[in-house]
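Novice: Following is a predicted model, sequence given first.
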There are 2 protein chains.
Amino acid sequence: MTAESLDVFLALAEDMADAAGAIVRGHFRQPVAVDDKPDLTPVTVADREAEAVMRRMIAARFPDHGIVGEEGGAESAGASHVWVLDPVDGTKRFITGNPLFGTLIALLRDGEPILGVIDMPILGERWCGAAGQATRFTSAAGTATARVRACPRLADATLYATSPHMFEGPDQAAFERVRRAVKVPLYGSECYGYGLLASGYNDLTIEADMAPYDYLAQVPVILGAGGSMTDWAGAPLRLGSGHRVLAAGDPACHAAALRLLQGD
Amino acid sequence: MTAESLDVFLALAEDMADAAGAIVRGHFRQPVAVDDKPDLTPVTVADREAEAVMRRMIAARFPDHGIVGEEGGAESAGASHVWVLDPVDGTKRFITGNPLFGTLIALLRDGEPILGVIDMPILGERWCGAAGQATRFTSAAGTATARVRACPRLADATLYATSPHMFEGPDQAAFERVRRAVKVPLYGSECYGYGLLASGYNDLTIEADMAPYDYLAQVPVILGAGGSMTDWAGAPLRLGSGHRVLAAGDPACHAAALRLLQGD
């Protein structure tokens, strides 16, 4: 794959985020029917319509690409290029009229996430990451490079997670070890905690009970900003990874958190 | 006090929120020195400057009014009219570049909160409540009346709190009883959880480890939107109230949460 084709994919991903965002904004704070899926997570017409439009855009341009989406399931997931979509990451927050939810778009090549977009449709903020490129942050103020900050010591670190109730059984004790070691633990982040990390405002994001569409888009964003993002064993994140993720701006902070998660 | 003087106070409170917001926006996502106060909570130049400008505005118009502020302490707290100020509610979130923090302004008359403003300087959203008036919500889309929604059953309720770590000892068990009884518990709300409640997007907000400047502004906003807001004994909130608060949109939901908090 050439850098040129990566730029073509990135342009499509940004067009997809624009289209999904327009749909999601139209449903925000409007009466929407909330259905509970079999796993008891909620889904709305905003999730379904936003994913459907993104799927149509991919199929029109790259009919041989695979797609895995939170709402529409998997199509050609064995293709060399596979898009992974979460139209509304943070549906529970979306339903409560809270703007801290995002649209997540990842592209995998031979399993590796090479492109990722975190789009915040209400806040008007977007992080774009692509293999071999510096992560870009776009807001009303314009577009700039996003870069993690140094924070080698856990005792100085800020930590974001969406909720402590993501962690079950041994995961809960593992998270608690890190939570008690950092300076400031904060909750309620959804995908935004990864964006803030890429921009150097947050040091650690640790989550569990995640599906691949909840975290694959963040990988190129974090790596392209100079950070680290793995599972709790320190392995790279792929479609077949488990449900636990660890992102850090500073590699020393990542290593220290990993040791605590693993019980040291 | 006439309705006319209440409107004069409300106009001043909105001017104060405008002035504080301009200062806070200027420091958002800029390198700011963070000092730890004796209670280990952080404070920045944004907190200090925003409170100072609000204090000057009150002193210039109503020199006989008292002021209690998070950063500047108490002046004439025994006056018949006392302003209660939190320039940045959610300083930890502000420091991480997260827009979910707010400026809180309350006015007490003979101890009773008769006016309250919740202002979100980055989101451009504001809730204004005043005794005997319907709560107003202002955003880029304009100004409209805010009204709570019906939700009589805890099992259908959304619950917001800033963090589960606000609750210590018996408070933790009390909160857990409610948390397990609701449909959707969410964290990371700061003052925004009360605004979303006043606008009918959230059903319950339960917090502890709060100071009066953390919650008094919310009381007129919630009451003026048709909701209920008390301490965990069901008593009205005043400057001398404790650190625990319970807000609900539906009185039946408030009563049910109160019973669980009290151990039934």
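Specialist: Thanks, I have it.
Novice: Now stretch A:10-17: buried residues?
Specialist: Buried residues in stretch A:10-17, counting neighbours by 16 or more other Cβ atoms under 10 Å in any protein chain shown, are found at A:10, A:12-14, A:16-17. C-beta: built from backbone N, CA, C; applies to glycine.
Novice: pLDDT and secondary structure added to those residues, as a markdown table?
Specialist: Formatted as a markdown table, the buried residues of stretch A:10-17 follow (pLDDT from 0 to 100; DSSP: H, G, I helix; E, B strand; the rest coil):
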| residue | pLDDT | secondary structure |
| --- | --- | --- |
| A:Leu10 | 97 | helix |
| A:Leu12 | 98 | helix |
| A:Ala13 | 98 | helix |
| A:Glu14 | 98 | helix |
| A:Met16 | 98 | helix |
| A:Ala17 | 98 | helix |
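Novice: and these as TSV, adding distance to B:Leu123?
Specialist: Listed next are those as TSV, based on distance: Cβ to Cβ, whole Å:
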residue	distance to B:Leu123
A:Leu10	29
A:Leu12	30
A:Ala13	26
A:Glu14	24
A:Met16	25
A:Ala17	20
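Novice: Between these, which sits nearest A:Tyr192?
Specialist: Ranked by distance to A:Tyr192 (Cβ to Cβ), these are led by A:Ala17 at 14.8 Å.
Novice: wait, isn't the closest one in contact with A:Leu115?
Specialist: No: between A:Ala17 and A:Leu115 there is no contact under Cβ atoms under 8 Å: 11.7 Å.
Novice: so what sits against both of the two?
Specialist: Applying Cβ atoms under 8 Å, 6 or more residues apart in numbering or on different chains, one finds that A:Ala17 and A:Leu115 are jointly contacted by A:Ile105.
Novice: Ignoring the adjacent residues along the chain, who's closest to A:Cys151?
Specialist: Excluding its sequence neighbours, the residue lying closest to A:Cys151 (Cβ to Cβ, 6 or more residues apart in numbering or on different chains) is A:Asp203, at 4.3 Å.
Novice: actually A:Tyr192, not the one I typed
Specialist: Nearest non-adjacent residue to A:Tyr192, counting by Cβ to Cβ, 6+ apart: A:Leu100, 5.4 Å away.
Novice: one step back: tell me how many other residues surround the residue nearest to A:Cys151.
Specialist: Look at A:Asp203: counted by other Cβ atoms under 10 Å in any protein chain shown, it has 31 neighbours.
Novice: which phi and psi does it have?
Specialist: Backbone dihedrals for A:Asp203, given as degrees, to the nearest 10, come out at phi -100, psi -30.
Novice: cool, and A:Ala141?
Specialist: phi -80, psi -10.
Novice: The nearest residue to A:Asp36 once chain neighbours are set aside - how many residues pack around it?
Specialist: Of all residues not flanking A:Asp36 in the chain, A:Pro42 sits nearest, at 6.0 Å (Cβ to Cβ, 6+ apart). Close neighbours of A:Pro42, defined as other Cβ under 10 Å, add up to 17.
Novice: if I pick A:Pro42, what's in contact with it?
Specialist: A:Pro42 neighbours (Cβ under 8 Å, 6+ apart): A:34-36, A:91-92, A:95, B:184.
Novice: Most neighbours among those, please name it.
Specialist: Neighbour counts for these, by other Cβ under 10 Å, peak at A:Ile95, which reaches 24 neighbours.
Novice: Reduced to three states, what does A:His254 come out as?
Specialist: Following DSSP: H, G, I helix; E, B strand; the rest coil, A:His254 is assigned to helix.
Novice: what's the pLDDT at A:Asp264?
Specialist: In this model, A:Asp264 is scored at 65, pLDDT.
Novice: Who's the closest spatial neighbour of whatever residue of the stretch 1-150 of chain A ends up closest to chain B, skipping the chain neighbours?
Specialist: Nearest residue of the stretch 1-150 of chain A to chain B: A:Gly97, at 3.4 Å (Cβ to the nearest Cβ). Spatial nearest neighbour of A:Gly97, excluding adjacent residues (Cβ to Cβ, 6+ apart): B:Tyr201 at 3.4 Å.
Novice: The one you found: which element?
Specialist: Using DSSP states H and E, B:Tyr201 is not contained in any helix or strand.
Novice: before we move on, back to that, tell me the contacts of the residue nearest to A:Cys151?
Specialist: Counting by Cβ under 8 Å, 6+ apart, A:Asp203 makes contact with A:149, A:151, A:156-159, A:182, A:197, A:248-250, A:253.
Novice: now the residue nearest to A:Met16 when sequence neighbours are not counted: how far from A:Gly69?
Specialist: Nearest non-adjacent residue to A:Met16, counting by Cβ to Cβ, 6+ apart: A:Met54, 4.5 Å away. Distance, A:Met54 to A:Gly69, by Cβ to Cβ, to the nearest Å: 8 Å.
Novice: Pull up the residues of chain A that are close to chain B.
Specialist: Applying Cβ under 8 Å from any Cβ of the partner chain, we find that chain A lies next to chain B at A:29, A:42, A:92-93, A:95-100, A:123, A:158, A:160, A:162-165, A:184-189, A:192, A:196, A:199, A:201-202.
Novice: quick one: which of these sit in helices?
Specialist: Among those, the members falling in helices (DSSP state H) are A:92-93, A:95, A:192, A:196.
Novice: what would those look like in CSV with distance to A:Arg244 and pLDDT?
Specialist: Output for these, formatted as CSV (distance: Cβ to Cβ, whole Å; pLDDT from 0 to 100):
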residue, distance to A:Arg244, pLDDT
A:Lys92, 20, 94
A:Arg93, 21, 96
A:Ile95, 26, 94
A:Tyr192, 19, 98
A:Leu196, 20, 98
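Novice: I'd like those laid out as TSV, including distance to B:Pro63.
Specialist: Below are those laid out as TSV (distance: Cβ to Cβ, whole Å):
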residue	distance to B:Pro63
A:Lys92	48
A:Arg93	44
A:Ile95	47
A:Tyr192	43
A:Leu196	42
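Novice: quick one: which two of those are the most distant?
Specialist: Maximum pairwise distance in those, criterion Cβ to Cβ, is 22.5 Å, between A:Ile95 and A:Leu196.
Novice: Dig out what A:Met120 forms beta bridges with.
Specialist: Each beta-bridge partner of A:Met120 is listed here: A:Glu125, as defined by DSSP bridges.
Novice: so what's it up against?
Specialist: By Cβ under 8 Å, 6+ apart, A:Met120 lies in contact with A:99-102, A:126, A:192, A:195.
Novice: pLDDT wise, what is it at?
Specialist: 98.
Novice: Could you do A:Ala33 as well?
Specialist: 78.
Novice: Can you give me every residue that contacts it?
Specialist: Counted by Cβ under 8 Å, 6+ apart, A:Ala33 has contacts A:44-45.
Novice: So it, which state does it fall into?
Specialist: For A:Ala33, the assignment made with three-state DSSP gives coil.
Novice: phi, psi of it?
Specialist: Here is the backbone geometry of A:Ala33 (degrees, to the nearest 10): phi -70, psi 130.
Novice: Thanks a lot, catch you later.
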